[in-house]
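**Student:** I would like to see how this sequence folds:
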Amino acid sequence: MKAKIYKFADYSVEVIHNPAHNLSSFLQDELVAECTELSRDSFENPNIKEEFVRHCVLNSSTILFGRDYEGRLFGYSSNSLKMVDNYHIIYLQAVAILKRLQGRGLRPLLHAIKMLEDINKIENTGVNPSHILLAGRTQNPLAFKFYARQVGLFPQPDGKMDQNIRNLGKKVVYALYSEHYRENGTQILFDDQYFVERGAYKSVTQTSSHGIYLSGIPYCRDDDEINQYMDQHLNWQNGDAIILLGYYKDEPVKKMFENAKQNMGFFGVEEIDPEEVVAMSYA
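**Tutor:** Below you'll find the model as predicted:
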């Protein structure tokens, strides 16, 4: 499958499908090193393990690399795909943006492109959109707000939960993470009442503090309901994370992309060989 470059006035977004198969070992290593450095900057945590970032980058169905006009990486984002009970699960696996560029709409841009890319891939096989679910995992109240308020995933901050989604929750968590837990000789601890995975990020850092954020999670300034849910149900220092799950809806995702196109000066999309698109960044 061809890679794509979404071109904007000041940025470009490279889209590569199945990077573990479509990129050489050299380019894989270069990208993992680059994304590890960026992740440590994004979360202000120098202890994030390279092996964790490698998993996020290469164990993905779709990976995006955002670059500025000089080719410097400003962010990356990845998805992976799973099947659970005849539902196609698009797992919004990872996203990281340089700290100095956060708050400029780049995170929603990457999310929108990667969701649309995988939605199109699935729908082109004839799958009914009602059988597509989105999933995410986070310790970040701002990310929780994005998933719940903008994308409509569950749980909602007031505790509202779709019963079908509740029934699927544990199956989805096991489909996404059971292999990782087996490799580490541990068990999944999933609270299906509040959709919290206990100790989810214990393998992310090289220290005894298991949260991604060294000095505390970044609370929402304007959404106390989000903050309260996180405080009541998560122990971020233990590595706990909230699991988000829900139905794919066209309108919020397409609106997100249309807003980005208008705000960032969209020039179009170019198709290119996967090796070529990444190699240009290291020329």
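
**Student:** need the helices for the stretch 101-250 of the chain, in chain order.
**Tutor:** Secondary structure of the stretch 101-250 of the chain (DSSP state H, counting those that start in this stretch): helices at 106-123, 141-145, 163-183, 224-233, 250-264.

**Student:** which stretch in these is the model least sure about?
**Tutor:** Note on the helices of the stretch 101-250 of the chain: helix 163-183 shows the lowest mean pLDDT, a mean of 88.

**Student:** give the residue spans of this structure that score low on pLDDT.
**Tutor:** 180, 182-185, 206-210, 278-283 (pLDDT under 70).

**Student:** what about the residue nearest the centre of it, distance to residue 137?
**Tutor:** Among the residues of the chain, the one closest to the centroid is residue 94, at 3.0 Å (CA atoms, centre = their mean). If you measure residue 94 against residue 137 using CB to CB, to the nearest Å, the figure is 9 Å. In this view, the C-beta of every residue, glycine as well, is placed from N, C-alpha and C.

**Student:** can you say which of the helices of the stretch 101-250 of the chain is nearest to residue 77?
**Tutor:** With CB to CB as the criterion, residue 77 lies closest to helix 106-123 of the helices of the stretch 101-250 of the chain, at 3.9 Å.

**Student:** chain center to that closest one, what's the gap?
**Tutor:** 11 Å (CA atoms, centre = their mean, to the nearest Å).

**Student:** now do stretch 70-90
**Tutor:** Distance of stretch 70-90 from its chain centroid, counting by CA atoms, centre = their mean, is 6 Å.

**Student:** can you point out the buried residues in that stretch?
**Tutor:** Buried residues in stretch 70-90, counted by 16 or more other CB atoms under 10 Å: 73-80, 82, 84, 87-90.

**Student:** okay, how far is it across that stretch, tip to tip?
**Tutor:** Using CA to CA, to the nearest Å, one end of stretch 70-90 lies 31 Å from the other.

**Student:** hey, C-alpha coordinates of stretch 221-239 in PDB?
**Tutor:** The C-alpha trace of stretch 221-239 is given here as PDB (Å, rounded to 0.1, in the frame of the first residue of the first chain):
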ATOM      1  CA  ARG A 221      -8.600  24.000  33.300                       C
ATOM      2  CA  ASP A 222     -12.300  24.200  32.300                       C
ATOM      3  CA  ASP A 223     -13.800  20.700  33.000                       C
ATOM      4  CA  ASP A 224     -13.900  19.800  36.700                       C
ATOM      5  CA  GLU A 225     -16.100  16.700  35.900                       C
ATOM      6  CA  ILE A 226     -13.300  15.200  33.900                       C
ATOM      7  CA  ASN A 227     -10.700  16.000  36.600                       C
ATOM      8  CA  GLN A 228     -12.900  14.500  39.400                       C
ATOM      9  CA  TYR A 229     -13.500  11.300  37.400                       C
ATOM     10  CA  MET A 230      -9.700  10.800  37.100                       C
ATOM     11  CA  ASP A 231      -9.000  11.700  40.700                       C
ATOM     12  CA  GLN A 232     -11.700   9.300  42.000                       C
ATOM     13  CA  HIS A 233     -10.900   6.300  39.900                       C
ATOM     14  CA  LEU A 234      -7.200   6.400  38.900                       C
ATOM     15  CA  ASN A 235      -4.000   6.200  40.800                       C
ATOM     16  CA  TRP A 236      -1.700   7.600  38.100                       C
ATOM     17  CA  GLN A 237       1.500   7.000  40.100                       C
ATOM     18  CA  ASN A 238       0.600   3.300  40.000                       C
ATOM     19  CA  GLY A 239       0.400   3.500  36.200                       C
END
